[in-house]
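1. Sequence first, then the predicted structure, then my questions.
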Amino acid sequence: MKKSLFLAFFVLLAIAPAAFADRIAAWIPPWDNAALASMQQNASAISEANPVWYSWNADTTIAKNWNAENEAWRAAMSAAQMLPTIQNVVKGSYDGNAVAAMLATAATREAHATLIAQLVQLNAFDGIDVDYERIPTASRANFTAFIAALAQKLHAANKKLSVTVYPKTSDSQNWTGPGAADYAALGALADSIKIMAYDYSWDGSAPGPISPLDWLDEVAAYAESVIPSQKIMIGLPFYGYNWSGGSGRGVSYKEAMQAAQTQGATVAHDANGEATFTYASGAGTVYFQDAASYARKVEMLRQKHPQLGGFAHWALGQEDPGVWDVIRANGSSSGATPPPAPPQSAKRRAAGH
């Protein structure tokens, strides 16, 4: 994209209507030193830090990930609200069946909610971000009941609850993962709902945009129809994919640009503004995010959905450094959750976080 066009988007961002400054959240992979460096450099622009510190043991008790609760990492996040992320990752992969088993009875839901609430209080966190994936649709009501129990415990202690969910454009998208998330019920219980609005094209699909604009618009529109707008955090990608030989692998902005240079490829932008190039006579294709593509997404969302609460990002350390100019141009709030507003009347995600 030409520089003049990027600057036009940049100006639009600055003048686009918004009810209040965007809240900016970032998932922070603790195994990536680039994430720590980015946090240190951009802490003033981040309202909410979501370090991916916790996963599960086989018995569904809480396990610490690499660098969890590391004081140096925590110090880098001290300017932001601290809501670490807990994932249902067991032995290296998301385990939806383990979640279903935990959710199956009121007693097991209560026990798990108690463990999380205790974790938050003992570490003086501001709250927790629950990212439980691949949950069977049959566990939908039980998942809502668990979130209700956890919300009650956290709110009684003046702590916040963020729930991360799959993207969808209607509640009829009820397969494993999206089907387990009752947007309306979860939105009434949690302080914020983070929607992973990426992986429209993923490592197992044909090459294509990670978060196309029309789909992103539909995801936001459906969410706003059932969740108070100010609670919605749209998750945007900082990464891309390099497809070759029938499959893709995740790449950061830096890796994508290095690949383009190595291959002698010219980076262009598709109709959605996503950066892309091909190499090896078309045998390889890369789609990724740069500052221009990020600006294009945010500009569209702020124009069409100005009441949204803000944006979350997967994952810190993978981004084009230029995105922070876009974020700072719009400013960010202190991270305080506004009072709930009255409710207003996906594509598969197989990779990411």
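-> Noted; the coordinates are in hand.
2. Now do the helices in this protein.
-> If DSSP state H is used as the criterion, the helices of the chain fall at 3-15, 33-42, 71-76, 96-103, 106-122, 140-156, 183-189, 213-226, 253-263, 291-304, 323-330.
3. what's the closest of those to residue 233?
-> Proximity of the helices of the chain to residue 233 was assessed by CB to CB; the nearest stretch is helix 213-226, lying at 9.8 Å. (Glycine included, C-beta is placed from N, CA and C.)
4. before we move on, back to that, right, so the helices of the chain: which one is the most enclosed?
-> When neighbours are counted by mean count of other CB atoms under 10 Å, the highest per-stretch mean among those falls to helix 291-304, a mean of 23.
5. and residue 27, how many neighbours?
-> Counted with other CB atoms under 10 Å, the neighbours of residue 27 add up to 24.
6. And for residue 105?
-> Residue crowding around residue 105 was assessed by other CB under 10 Å; the count is 11.
7. Show the pLDDT at it.
-> The score at residue 105 is 98. That number is its pLDDT.
8. contacts for the strand ranked longest in the chain?
-> Identified as the longest strand of the chain according to DSSP state E is strand 48-56. For strand 48-56, contacts defined as CB atoms under 8 Å, 6 or more residues apart in numbering pick out 23-30, 39, 62-65, 67-69, 73, 77, 80-90, 95, 98, 119, 129, 131, 162, 312, 335, 353.
9. Quick check on the residues you listed: which are buried?
-> Among the contacts of strand 48-56, those that count as buried by neighbour count (16 or more other CB atoms under 10 Å) are 23-30, 39, 62-63, 65, 67-69, 73, 77, 80-90, 95, 98, 119, 129, 131, 162, 312, 335, 353.
10. Just those residues: which are in strands?
-> Helix and strand membership here follows DSSP E; of the buried ones among the contacts of strand 48-56, those in strands are 23-28, 62-63, 81-82, 85-87, 89-90, 129, 131, 162, 312.
11. lowest-confidence helix or strand of the protein?
-> Lowest on mean pLDDT, DSSP states H and E among the helices and strands of the chain sits helix 3-15, with a mean of 45.
12. roughly how far apart are residue 324 and residue 49?
-> Using CB to CB, to the nearest Å, one obtains 15 Å as the distance from residue 324 to residue 49.
13. Report the outermost residue of the chain with respect to its centre.
-> In terms of distance from the mean C-alpha position of the chain, residue 281 ranks first, at 34.1 Å (CA atoms, centre = their mean).
14. Please tell me how far that one sits from residue 68.
-> As for residue 281, its distance to residue 68 is 45 Å (criterion: CB to CB).
15. most centrally placed residue in the chain?
-> Residue closest to the average C-alpha location in the chain (CA atoms, centre = their mean): residue 235, at 3.7 Å.
16. Can you pull out the low-pLDDT segments for this structure?
-> In the predicted model, the chain carries pLDDT under 70 at residues 1-21, 332-353.
17. Kindly recompute the last result at 80.
-> Across the chain, the stretches falling below the confidence threshold (pLDDT under 80) are 1-21, 331-353.
18. ok now stretch 279-299, how far from the chain's centre?
-> Distance of stretch 279-299 from the chain centroid (CA atoms, centre = their mean, to the nearest Å) equals 19 Å.
19. for stretch 285-304, same thing?
-> The gap between where stretch 285-304 is centred and where its chain is centred comes out at 15 Å by CA atoms, centre = their mean.
20. what's the answer for stretch 233-245, then?
-> 11 Å.
21. Going by neighbour count, list what's buried in it.
-> Buried residues in stretch 233-245, counting neighbours by 16+ other CB under 10 Å, are found at 233, 234, 235, 236, 237, 238, 239, 240, 241, 242, 243.
22. Out of those residues, which two are the most distant from each other?
-> The two members of the buried residues of stretch 233-245 with the most space between them (CB to CB) are 233 and 243, at 28.6 Å.
23. related to what we said a few turns ago, reformat the buried residues of stretch 233-245 as CSV; add distance to residue 184.
-> Output for those, formatted as CSV (distance: CB to CB, whole Å):
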residue, distance to residue 184
233, 17
234, 17
235, 19
236, 23
237, 26
238, 29
239, 30
240, 33
241, 32
242, 38
243, 36
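24. Which one of the residues you listed is nearest to residue 256?
-> Using CB to CB, the shortest approach to residue 256 within those belongs to residue 240, at 5.3 Å.
25. Which residues does the closest one form beta bridges with?
-> With beta bridges defined as DSSP bridges, residue 240 has these partners: residue 251.
26. Going forward, the N-terminal residue is numbered 2.
-> Done: numbering now begins at 2, and the last item shifts to residue 241.
27. Hmm, it is touching residue 251, no?
-> Yes - between residue 241 and residue 251 there is a contact under CB atoms under 8 Å: 7.4 Å.
28. thought residue 109 was touching residue 99?
-> No - using CB under 8 Å, residue 109 is not in contact with residue 99; the gap is 11.0 Å.
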